[in-house]
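In: Could you look at this predicted model? Sequence included:
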Amino acid sequence: MQFERNRMYRVKAVAEMFDVSVNTIYRAIESGELDALKLGTGKGTLRIPGWALNAYVEKCSQAAYEAFVTSGELAVEAADDAQDARVGEVA
C-alpha cells in the first residue's frame, strides 16, 4: 500500500483504508507512532501527510515481521527452514 507523498489524508479516510476504527488512528497519532498536522485554531482538524502514512505502514510491517520471526517456535522453524534450504543448495 503506497500513499501519495505530498497528499494530505483525513483521519476517517485513513481508518477506512486500514479497516480500523477512527479511534485506533487517533491513538497512533497521540502515541507518536503516526505523524499528523493540526490545522486551524482551537479544536482544529487533523490531516495526515502521505509520507507519514508510508512511514507508518513500513514501521508496522517491520514490527509484524519481527514478531513473526522472533516469536518462540516460529524462529526455530525459520532457522530449520533456512538450514534445509542451504542443504538443498549444496546437494
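Out: Done, it's in.
In: any residues touching the lengthiest helix in the chain, and which ones?
Out: The longest helix of the chain (DSSP state H) is helix 50-70. Residues from elsewhere that reach helix 50-70, judged by C-beta atoms under 8 Å, 6 or more residues apart in numbering: 1-9, 14, 28, 33-36, 74-75, 78. To be clear about C-beta, it is placed using only N, CA and C from the backbone, and glycine gets the same treatment.
In: ok now it, how far from the chain's centre?
Out: 4 Å (C-alpha atoms, centre = their mean, to the nearest Å).
In: Same check on stretch 52-72?
Out: Distance of stretch 52-72 from the chain centroid (C-alpha atoms, centre = their mean) equals 6 Å.
In: hey, C-alpha coordinates of that stretch in CSV?
Out: The C-alpha trace of stretch 52-72 is given here as CSV (Å, rounded to 0.1, in the frame of the first residue of the first chain):
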residue,chain,number,x,y,z
ALA,A,52,3.8,9.8,7.3
LEU,A,53,1.4,7.0,6.2
ASN,A,54,4.1,5.4,4.2
ALA,A,55,6.5,5.5,7.1
TYR,A,56,3.8,4.1,9.5
VAL,A,57,3.0,1.2,7.1
GLU,A,58,6.7,0.4,6.9
LYS,A,59,7.1,0.6,10.7
CYS,A,60,4.0,-1.7,11.2
SER,A,61,5.2,-4.1,8.6
GLN,A,62,8.6,-4.4,10.2
ALA,A,63,7.2,-4.9,13.7
ALA,A,64,4.8,-7.6,12.4
TYR,A,65,7.7,-9.4,10.6
GLU,A,66,9.9,-9.2,13.7
ALA,A,67,7.1,-10.6,15.9
PHE,A,68,6.6,-13.4,13.5
VAL,A,69,10.2,-14.3,13.0
THR,A,70,11.4,-13.9,16.6
SER,A,71,8.4,-15.5,18.4
GLY,A,72,9.4,-18.7,20.0
